[in-house]
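**Q** give me coordinates for this.
(4 chains)
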4 protein chains.
Amino acid sequence: MMGKEKPAFWRTAISKVEPNKILVRGYDLAALLGEYSLGEIVHLVWQGELPTVEMGKLVEAMLVASCEHGLSAPSTDATRLVASCGVPLESAVAAGICALGDLHGGAIERCGKVLVDGVKTIREEGKGVQEVADMITNRHKEKKERLVGYGHPTHTDDPRTRKILQMAEEVGVSKIHVRLAKAIEATTERYYGKTLILNIDGAIAAVSMDMGFDWRVGKGFFIVGRAVGLVAHALEQMSNEGPYKSANWQEVEYLGTPPRDVPRRASKDNIV
Amino acid sequence: MMGKEKPAFWRTAISKVEPNKILVRGYDLAALLGEYSLGEIVHLVWQGELPTVEMGKLVEAMLVASCEHGLSAPSTDATRLVASCGVPLESAVAAGICALGDLHGGAIERCGKVLVDGVKTIREEGKGVQEVADMITNRHKEKKERLVGYGHPTHTDDPRTRKILQMAEEVGVSKIHVRLAKAIEATTERYYGKTLILNIDGAIAAVSMDMGFDWRVGKGFFIVGRAVGLVAHALEQMSNEGPYKSANWQEVEYLGTPPRDVPRRASKDNIV
Amino acid sequence: MMGKEKPAFWRTAISKVEPNKILVRGYDLAALLGEYSLGEIVHLVWQGELPTVEMGKLVEAMLVASCEHGLSAPSTDATRLVASCGVPLESAVAAGICALGDLHGGAIERCGKVLVDGVKTIREEGKGVQEVADMITNRHKEKKERLVGYGHPTHTDDPRTRKILQMAEEVGVSKIHVRLAKAIEATTERYYGKTLILNIDGAIAAVSMDMGFDWRVGKGFFIVGRAVGLVAHALEQMSNEGPYKSANWQEVEYLGTPPRDVPRRASKDNIV
Amino acid sequence: MMGKEKPAFWRTAISKVEPNKILVRGYDLAALLGEYSLGEIVHLVWQGELPTVEMGKLVEAMLVASCEHGLSAPSTDATRLVASCGVPLESAVAAGICALGDLHGGAIERCGKVLVDGVKTIREEGKGVQEVADMITNRHKEKKERLVGYGHPTHTDDPRTRKILQMAEEVGVSKIHVRLAKAIEATTERYYGKTLILNIDGAIAAVSMDMGFDWRVGKGFFIVGRAVGLVAHALEQMSNEGPYKSANWQEVEYLGTPPRDVPRRASKDNIV
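**A** Okay, here's the model as predicted:
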């Protein structure tokens, strides 16, 4: 489309937009409407192809699993604080999405990377799944790095995880990344004195790797799913709860320098 | 749960989180997984109840309709620019979501409000749909306000709109808000000299009002749906395209003051 | 610079960037370094000209007044929540800036607009300052609209306001917008049964209007000033306080539907 | 302040807010107004103490140096795109701040860390500055890592850098971190075949490390300074330029799958 002298500013393989026509990964968007669910479209947009029916079910489940975790999630608290300040809905949701970092949903990416590297080791070096699982847990323990995708501040047995893994098993999606993820879980008691359960981030990481997703898109499942809950919390805050929500000054512990006088400046240095 | 002296800092009717249990609108989240699609969960989380099968189909279609519009959308351009700067995925998506304002997806809310007010007039004052449609277009024309939900910078006949309205008709969801929205469209040629088509924002507004959604949640469909496309564009930019994407200095037109000398300050006033 | 057929994608009067040369409003940025303070540069960049020494002092004071308000500000709480999630510094600050809406810093813009319109009435209709002040308070009271720029959730006599107004008086910047702002404050006891003090947003609005700033840039003082505090809070949270900060599940009051069973779907409708 | 059973939700050493009193690092904020510039307050808020006059000058210069770089910066482009969408000022600025990642301002942090580690090696292992500079450049070259803080996409001799370093020299702030930064620059021609100039990020990193700032706050200078430019660009876009700014569909190069038919689903699997 562009002349040779100057490449187009933007290039994309995701979609092609023309007047009255929107192609998504080659398909007419209008023709996808009503035929495919958003979960199936996630597979199409992120991987380039529509999923099988079973794969689509799993994507849908991973999105639903991520949709809401109440105020016990920094993203929700942030969204509601911002929503109390007289801003449009999307600002409040954007602030919540900023919170979906390495420690909040982001474990999907990092755990996915650990699993991908682990599976590479299994395949290239002919090691066993349990052996590699041991190597991984041992390495994290020694480097004092957090074993991402394992353990949860609220749940000791995450009901979302069990269901996702069971579904993946049933529809035949569960393969070597899931096996490795479970094998790592099995090692944790030995290394940490208690079982660190595979949490929802870890389960989504393992299953989505077995489905062929890029590990770097892992947080995406969480972002799209959790956006549903953040929208609801923003609206609830705006509609039913008070404005300008913040910590009461009496409840903040001050750890700083005691009161002191502002030094007067010599007049020549004074900025005013 | 809270004592009488001091109310809880947060209150919500959306979900209840306890160790190993997440209730969403009263339902066990783990039991919803695999049974309901994200579109149906959107209805549950935003309205409080699961939809009928037909309603669920429509929500799904509204989300899919919003999922992607290529670089011909400021949110996508913003996401890709930010994605080129060495940031995590969620930052790039959050920047794009900040763009979903009144002129980009936000028409859903504003058009929804116009329709809700119009339907109120129809019901309370016994006016006809066409009469109220005329009043609305006339009022916008006179006040020189943009008729939100109508017209599109790229499309003259939006294929997404037609499909959504057709689906709403088929499953019996299309009611008075949709009738009013179409009646307004029919008046535009008379007032503006050309037909301003009901665009995708307007169609989602009309259908979602007929489904009982709060007009203030309108942008939510767009936010959740478009998040799918934004994630893909962020990943594509990070993976395949160059870093630090910005306008080339040679392509920016400068309209400002010609070059001039910085005035020296009298030394006593100098800040340094 | 651009041919006639196609205008440049971007046009700006703010700066001109070329290799090894950055002009800001016509001045060489490198020559401004060390000569002018950031507050003076704010005046240059937003208004197009360098301020007088006195004006510069006032801008500096308005920025410093906005720099920090502890956890008793939704923006700070939001920044710290996000900072606890394993994100880069700028993400946490961006989330806090999203909170600087109409109810949090945004009053500068809205109060500025009220004052500009009021002064227009004074000038065009020959009315007195006190008369217009009465009209404004009365109109807000009758329409049940919040009198923006007046009252504060924490302070009954805002020390920042007094200092800013005193400085503006001393350097001769205080003119009709400040007079009108004070006149409005004087009417509040009569209308609301208690004095609603001119708060820091209102003071910045009044003074910056007297200095010739566009009312729409009002929030800008707050954004730039508060960014200083938000950076510090983000860093403190990341360095000294725990990760994944959120409300404890036991402290959230649940107002929603009691637990109920998930309805099984007829198999033909089942998405899975 | 809090009982022993339960620690306060928030703890901070930055400020203490009470009715009618705001202490910042122990000083009454109202008493700081008019006495100290925002740059000096940056030093106070981020380091805990007011700077000397000379240190304050340098902070001011580092903020001014960061204030604006036109459209040749992804953050500005992102801010203007978002500003064109009918959003409040702060949303547009927040989107721009999201762009200040590792490749855009973020080099301050990363370069600061490299210098801090380098100085530690000099001190602990008794090595010379030039020797450690060589080690650093060599290590980056071998690992094919970008030498952050060096080189610039637009400038071959950054005028801001020269001025900052000259000022640091004059006021006696320039010490071992600056020496090491310059020594690294001197090695680049040998390793890369051309000199990679110390850019503005690198200069701020070196000088702020010599001033005792935490390397993790490095991006903060850029965030606060650049906020000034972003506010101006948001306002200019909203005031003078058109709405809904995005790439024209004709200028986007499509690299994806050619048009294809949407596969019909067997009715039993159909979601609709």
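**Q** phi and psi next, for residue A:13.
**A** phi -110, psi 10 (degrees, to the nearest 10).
**Q** so what's it scoring on pLDDT?
**A** For residue A:13, the pLDDT comes out at 97.
**Q** could you count how many residues lie near it?
**A** 16 (other Cβ atoms under 10 Å in any protein chain shown). No exception for glycine: its C-beta is placed from N, CA and C like everyone else's.
**Q** need the contact list for the spatially closest residue to it that is not a sequence neighbour.
**A** Using Cβ to Cβ, 6 or more residues apart in numbering or on different chains and skipping residues adjacent in sequence, the residue nearest residue A:13 is residue D:256, 3.5 Å away. Counting by Cβ atoms under 8 Å, 6 or more residues apart in numbering or on different chains, residue D:256 touches A:12-16, A:25-26, A:48.
**Q** output the lowest mean pLDDT helix or strand found in chain A.
**A** Lowest on mean pLDDT, DSSP states H and E among the helices and strands of chain A sits helix A:159-170, with a mean of 92.
**Q** who touches the helix or strand following that one?
**A** Sequence order places helix A:176-192 as the next helix or strand after helix A:159-170, per DSSP states H and E. For helix A:176-192, the external contacting residues (Cβ under 8 Å, 6+ apart) are A:111, A:115-116, A:118-119, A:122, A:129-130, A:132-134, A:136-138, A:141, A:147, A:149-150, A:165, A:168, A:194-198, A:202-203, A:205-207, A:209-210.
**Q** go on, stretch A:139-153?
**A** With Cβ under 8 Å, 6+ apart, stretch A:139-153 has contacts from A:72, A:102, A:107-108, A:110-111, A:114, A:137, A:158, A:181, A:184-185, A:188, A:191-192, A:196-203, A:205-206, C:244.
**Q** of those residues, buried ones?
**A** Among these, those classed as buried by 16 or more other Cβ atoms under 10 Å in any protein chain shown are A:72, A:102, A:107-108, A:110-111, A:114, A:137, A:158, A:181, A:184-185, A:188, A:191, A:196-203, A:205-206, C:244.
**Q** just checking, which of those belong to helices?
**A** Among the buried ones among the contacts of stretch A:139-153, the members falling in helices (DSSP state H) are A:107-108, A:110-111, A:114, A:137, A:181, A:184-185, A:188, A:191, A:200-203, A:205-206.
**Q** in chain A, where is pLDDT below threshold?
**A** A:1-5, A:266-272 (pLDDT under 70).
**Q** which stretches of chain A form strands?
**A** Ranges of strands within chain A are A:10-12, A:15-18, A:21-24, A:27-28, A:252-254, based on DSSP state E.
**Q** buried ones from the contacts of residue D:256, can you make that a ChimeraX selection?
**A** Here is the ChimeraX command that picks out the buried ones among those, judged by 16+ other Cβ under 10 Å:
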select /A:12,13,14,15,16,25,26
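**Q** can the strands of chain A go into TSV with extra columns for distance to chain C?
**A** Output for those, formatted as TSV (distance: least, Cβ to the nearest Cβ, whole Å):
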stretch	distance to chain C
strand A:10-12	11
strand A:15-18	17
strand A:21-24	21
strand A:27-28	20
strand A:252-254	5
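**Q** so which of the ones you listed comes closest to residue D:230?
**A** strand A:10-12 (22.2 Å; Cβ to Cβ).
**Q** can you name the residues in contact with that closest one?
**A** Against strand A:10-12 from outside (Cβ under 8 Å, 6+ apart): B:70-71, B:77, B:80, B:233, B:236, B:241, D:247, D:251-256.
**Q** among these, which are in helices?
**A** Going by DSSP H, the helices hold B:77, B:80, B:233, B:236 from these.
**Q** farthest pair in those?
**A** The widest separation within those (Cβ to Cβ) is 13.0 Å, between B:77 and B:236.
**Q** neighbour count: those two, which is higher?
**A** residue B:77 (28 against 19).
**Q** thought that one was touching residue B:71?
**A** Yes - with contact defined as Cβ atoms under 8 Å, residue B:77 counts as touching residue B:71 (5.8 Å).
**Q** so what sits against both of those two?
**A** A:10, D:246-247.
**Q** filter the residues you listed down to the buried ones.
**A** Buried among the shared contacts of residue B:77 and residue B:71 by 16+ other Cβ under 10 Å: A:10, D:246-247.
**Q** quick check: residues of the stretch 101-250 of chain A near chain B?
**A** A:101-102, A:105-106, A:109, A:154-160, A:162-164, A:167, A:214, A:216-217, A:219-220, A:223-225, A:227-229, A:231-233, A:235-236, A:238-239, A:241 (Cβ under 8 Å from any Cβ of the partner chain).
**Q** write a ChimeraX command that selects only the buried members of the residues you listed.
**A** Entered in ChimeraX, the line below selects the buried ones among these, by 16+ other Cβ under 10 Å:
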select /A:101,102,105,106,109,154,155,158,159,160,163,164,167,214,216,217,219,220,223,224,225,227,228,229,231,232,233,235,236,238
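**Q** wait, isn't residue A:19 in contact with residue B:156?
**A** Yes - if you go by Cβ under 8 Å, residue A:19 and residue B:156 touch, sitting 6.4 Å apart.
**Q** circling back: what's in contact with the least confident helix or strand of chain A?
**A** Contacts for helix A:159-170 (Cβ under 8 Å, 6+ apart): A:57-58, A:61-62, A:65, A:174, A:178, A:182, A:197-200, A:202-204, A:206-207, A:210, B:20-22, B:28-30, B:33-34, C:272.
**Q** so how far is it from its chain's centroid?
**A** 18 Å (Cα atoms, centre = their mean, to the nearest Å).
**Q** then stretch A:158-176?
**A** That offset, for stretch A:158-176, works out to 18 Å (Cα atoms, centre = their mean).
**Q** could I get that stretch in CSV with only the CA atoms?
**A** Only the C-alpha atoms of stretch A:158-176 are listed here, as CSV (Å, rounded to 0.1, in the frame of the first residue of the first chain):
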residue,chain,number,x,y,z
ASP,A,158,-8.4,-21.9,45.2
PRO,A,159,-11.7,-23.1,43.9
ARG,A,160,-11.2,-21.4,40.5
THR,A,161,-7.9,-23.3,40.0
ARG,A,162,-9.4,-26.7,40.6
LYS,A,163,-12.2,-26.1,38.1
ILE,A,164,-10.0,-24.7,35.4
LEU,A,165,-7.6,-27.7,35.6
GLN,A,166,-10.5,-30.1,35.7
MET,A,167,-12.0,-28.6,32.5
ALA,A,168,-8.6,-28.6,30.8
GLU,A,169,-8.3,-32.3,31.7
GLU,A,170,-11.8,-33.1,30.4
VAL,A,171,-11.4,-31.5,27.0
GLY,A,172,-7.9,-32.8,26.4
VAL,A,173,-6.1,-29.5,26.5
SER,A,174,-4.1,-30.3,29.6
LYS,A,175,-0.6,-31.3,28.4
ILE,A,176,3.0,-30.9,29.5
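**Q** backbone phi and psi for the residue nearest to residue A:13, please?
**A** Dihedral angles (degrees, to the nearest 10) for residue D:256: phi -100, psi -160.
**Q** residue contacts, residue A:247?
**A** Counting by Cβ under 8 Å, 6+ apart, residue A:247 has contacts C:71-72, C:77, D:9-10.
**Q** wait, residue A:46 touches residue A:212, no?
**A** No - at 10.1 Å, residue A:46 does not count as touching residue A:212 under the criterion of Cβ under 8 Å.
**Q** the more surrounded of these two?
**A** Taking other Cβ under 10 Å, residue A:46 and residue A:212 do not tie; residue A:46 has more neighbours (23 against 12).
**Q** what are the neighbouring residues in contact with that one?
**A** Contacts of residue A:46 (Cβ under 8 Å, 6+ apart): A:213-214, A:217, A:220, B:228, B:231-232, B:235.
**Q** per-domain residue ranges of chain A.
**A** Taking automatic domain parsing as the reference, chain A has its domains at A:15-50, A:53-243.
**Q** and of those domains, who's closest to residue B:260?
**A** domain A:53-243 (38.4 Å).
**Q** and the closest one, how far from the chain's centre?
**A** 6 Å.
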